[in-house]
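[1] okay, predicted coordinates and the sequence, questions at the end:
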Amino acid sequence: MNDFDDLVRQFLAAEKTAHVRPRWRSKGHPDFAESKMAVGVPESRVLVGTVVMIAHKVRLPAKYSWSLLFRGKRILALDVNPSRSHKNLLRKGSVDCTHWQRWPTMDAEEDRREQNFTHWCLDFWKAANIVTTFAVLSPPRGVQLRLIVNEDFDRR
């Protein structure tokens, strides 16, 4: 194994803390919200990472994703109700339901539970070994604008 794999193992195994509550912001597309949060191992300047959370604001069932990044690489991920299937590289087949991905293979592991945002968030914190001093707020919900049809236009 190389040094990066060793650092990833140390980072995943160590208890990480987050002290600043993340804020949800609009992402590139108005139907998406994103939130980022720095996490780190206390007393270490080397073992620092970022959690990125993304939510689709209007899709039902709700679509969420969490990623733990270490030095820019995704090392742990949870995709809830993904819109596309994930093709595994080492395991045969693909997964089209909620799934986890873990370093080093990042192959999708199915999770067929149905939970709300808060419970998925807590499960991700537990898997990532992250302790927060706050509760993460649920992502904003939005309403998709409907298209104007000729009938609506004529009523003006």
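    It's in.

[2] can you give me the strands in the chain?
    Counting by DSSP state E, the chain has strands at residues 16-18, 25-26, 32-40, 48-56, 64-70, 73-80, 86-87, 94-95, 99-102, 108-110, 130-132.

[3] going by mean pLDDT, which of those comes out lowest?
    Mean pLDDT values for those show the minimum at strand 86-87, a mean of 81.

[4] outside of that strand, which residues touch it?
    The contact list for strand 86-87 (Cβ atoms under 8 Å, 6 or more residues apart in numbering) reads 79, 93, 94, 95, 96, 99, 101, 108. Backbone N, C-alpha and C define where each C-beta goes, glycine included.

[5] one more: stretch 3-10?
    Counting by Cβ under 8 Å, 6+ apart, 46, 47, 70, 71, 73, 75, 103, 104 sit against stretch 3-10.

[6] returning to what we had before: dump the strands of the chain to JSON lines, plus mean neighbour count and distance to residue 120.
    Formatted as JSON lines, the strands of the chain follow (neighbours: other Cβ atoms under 10 Å; distance: least, Cβ to Cβ, whole Å):
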{"stretch": "strand 16-18", "mean neighbour count": "19", "distance to residue 120": "17"}
{"stretch": "strand 25-26", "mean neighbour count": "12", "distance to residue 120": "20"}
{"stretch": "strand 32-40", "mean neighbour count": "18", "distance to residue 120": "14"}
{"stretch": "strand 48-56", "mean neighbour count": "20", "distance to residue 120": "10"}
{"stretch": "strand 64-70", "mean neighbour count": "21", "distance to residue 120": "6"}
{"stretch": "strand 73-80", "mean neighbour count": "20", "distance to residue 120": "5"}
{"stretch": "strand 86-87", "mean neighbour count": "16", "distance to residue 120": "17"}
{"stretch": "strand 94-95", "mean neighbour count": "16", "distance to residue 120": "16"}
{"stretch": "strand 99-102", "mean neighbour count": "18", "distance to residue 120": "11"}
{"stretch": "strand 108-110", "mean neighbour count": "17", "distance to residue 120": "14"}
{"stretch": "strand 130-132", "mean neighbour count": "17", "distance to residue 120": "14"}
